[in-house]
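> Sequence and computational prediction follow.
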Amino acid sequence: VEHGSENGPRIGADFQAKLPACLPKPSRERTKKKVDDSIEEKSEDVEEESEDETQDWTEDDKAAFDRGMKDFTKDFGVMARQIPNFYKKNKKSHELVNYYYRRYKKSEPYKQWKAFMAGDPYDEGIVTRERRARQQAKDKDSENGSR
């Protein structure tokens, strides 16, 4: 095989890439300051954006979010696709995440959801599915008994 031919391998000093000179490594303090400044700028931008995003939530949106938390746990992508309040308004999963951290986690419904997830049906006055089913069975029995 002839080196450098059209179809053959290109091996040897004539075929090595010419690399540019390396830049000197930046100092650690300079890099850390750039990163810190960048993080501060981004966090300020995120706070301003997400604060605005969570303020336009209606009471229906909040109730739908609470129901979604019980049905889909914290799968915000599924909530955005499955709950009419969100997909009709074209709310994205990141907007639901912002709402969760900015508003919901500081609310009374969050405490109730935590109790719901822990399986404590009586904490914070939550009526869980199991308790609802027992109540419906009782109601059905009492209806059958009164006929």
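Right, received. Where do you want to start? Numbers count the residues shown, from 1 in each chain.
> how about Gln82, what does it touch?
68, 72 (Cβ atoms under 8 Å, 6 or more residues apart in numbering). Heads up, the C-betas are built off the backbone N, CA and C, glycines and all.
> same check, this time on the one 4 residues further on
Applying Cβ under 8 Å, 6+ apart, one finds that Phe86 lies in contact with 61, 64, 68, 79-80, 96.
> Can you pull out the low-pLDDT segments for this structure?
Flagging of the chain using pLDDT under 70 yields the residue ranges 1-6, 26-53, 120-132, 146-147.
> coming back round to it: which of the contacts of Phe86 are buried? Put it as a PyMOL command.
In PyMOL, selecting the buried portion of those, with burial taken from 16 or more other Cβ atoms under 10 Å, looks like this:
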select buried, resi 61+64+68+79+80+96
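> Buried residues of the helix or strand containing Asn144, list them for me.
Assigned by DSSP states H and E, Asn144 falls within helix 129-146. Neighbour counts over helix 129-146 (16+ other Cβ under 10 Å) mark no residue as buried.
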